[in-house]
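Novice: Here's my sequence, what's the structure:
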Amino acid sequence: MDIVTLKHRLPQKRNDIITTMRFFIYALIIGLSAAFFLYREKDFKEAPEIPPAINKATVETFSSPATSTEKTSAVTPPTQPQPAPARQIDPKTLELIQKKISETAQSLKDLENSPPEVSQLRTRLNQEELYNKAVSRVVNFFCQQGGNVRVASGVIISPQGHILTNAHVGEGFESNYECAIRQGSPARNLAYAKLALFPKAYTNALTRQEQAENDVSIWKITRLANGDPVSASFPYYEINPKFYPEINQILSTFSYPSELLGYETLLKNLNLLFAETVVMDFDRDLIISGTGLSSQVGSSGGILVDIYTNNFAGLIFAVSKDEEIAKRKLFSLTPYSVERVVQNETGLTLPQFLNQ
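Specialist: Predicted coordinates:
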């Protein structure tokens, strides 16, 4: 064989060797893979079954609250997906959970149709619009009996002349007692009203908390101060029991505070105060907010108003006892509380009661 022929055959020989080696390498890899698969399949079949009360995905055991949580190493779940079994809960824990769910369920039901979160994109109403609505609906109670004068605030809640205020405003009065109702800035005689609803739950309350949660009374205008007949044409705020505020939400307040005023000023120059308060906390029944000038005696029965919708947002019933007015907190009842008190007392919804 000459040198030229050998030079051509050597590359071909080398290529044949490389191809043969690749074949053996591939065969070896396939064989090892098959052996490994058969070995692991045997392990899967012999693995112990996980107890049915354990979640197979996490293999985590849950004990009673008195003991610690214990974890085991993960085990591959079976090929066929299985529904996660329920975790076992001891009776005491179950009772606590059911109680919490019961308490929360009503709150969720009340909140399901509540307004969306306050957004910076929402436009607040101008102050003139808020004030013009309030000045024709918020009233001043000027109840004089003997040498005593009781001054408070209230709000008209029906075209028939029903007025919402606190129970402590009417406490001690006979059912046929007529209180003078004034309106405007300065306040002038509008009408006279008598108690239409005074809740037994307030009278029979055993704690201050229970009394506060039922501090609602409703009065009814019986005659106008100018002698005209009473007609169903009073401007009023509608109460939506599903409305709740939000933490840090700004609300308007309207009331007739009287703490810093003397008798002559109360009689002749008592004005409707328009201020703002910021919601600090709230639950289903109560709203706590920080405020300034509204935190005075006489503000009881005043109202909170949503600055975005101009709707009723709460009934003021108390202030904290700080010496400085600017540091006091304002306590109010939610619209839900008003509805709840009326239903518990009469078996009727608030609209049913007002329209009966």
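
Novice: State the mean pLDDT of stretch 329-339.
Specialist: For stretch 329-339, the per-residue pLDDT values average out at 93.

Novice: Please, where are all the helices along the stretch 151-300 of the chain?
Specialist: 167-170, 200-203, 208-213, 263-268 (DSSP state H, counting those that start in this stretch).

Novice: Quick one: mean pLDDT over the last one.
Specialist: I take that to be helix 263-268. 72.

Novice: Just the buried positions in that helix, please.
Specialist: 266-267 (16 or more other CB atoms under 10 Å). Where you see a C-beta, it was placed from the backbone N, CA and C, and this is true even at glycine.

Novice: Double-check I218 against Q160; I have them as touching.
Specialist: No. Applying CB atoms under 8 Å as the test, I218 and Q160 come out as separate, 11.2 Å apart.

Novice: least trustworthy helix or strand in this protein by mean pLDDT?
Specialist: Least confident helix or strand, the chain: strand 60-61 with a mean of 28, by mean pLDDT, DSSP states H and E.

Novice: remind me which residues of the stretch 251-356 of the chain are low pLDDT?
Specialist: Low-confidence segments of the stretch 251-356 of the chain (pLDDT under 70): 259-263, 291-298, 321-326.

Novice: brain fart, the stretch 51-200 of the chain
Specialist: Within the stretch 51-200 of the chain, the stretches with pLDDT under 70 are 51-121.

Novice: Now do the strands in it.
Specialist: Remark: strands assigned in the stretch 51-200 of the chain by DSSP state E, counting those that start in this stretch are 60-61, 70-71, 138-145, 148-156, 162-165, 179-183, 188-197.

Novice: Quick check: neighbours of the last one in the sheet, parallel or antiparallel?
Specialist: Strand pairing for strand 188-197, determined by DSSP bridges: strand 179-183 (antiparallel), strand 217-224 (antiparallel).

Novice: And for the third one?
Specialist: Looking at strand 138-145 with DSSP bridges, its partner strands are strand 148-156 (antiparallel), strand 179-183 (antiparallel).

Novice: so E246 touches V279, yeah?
Specialist: Yes. E246 is within contact range of V279, at 6.5 Å (criterion: CB under 8 Å).

Novice: For the residue nearest to S175 when sequence neighbours are not counted, name its beta-bridge partners.
Specialist: Counting by CB to CB, 6 or more residues apart in numbering, L195 is the residue found nearest to S175 once chain neighbours are left out, at 5.5 Å. Assessed by DSSP bridges, L195 has beta-bridge partners W219.
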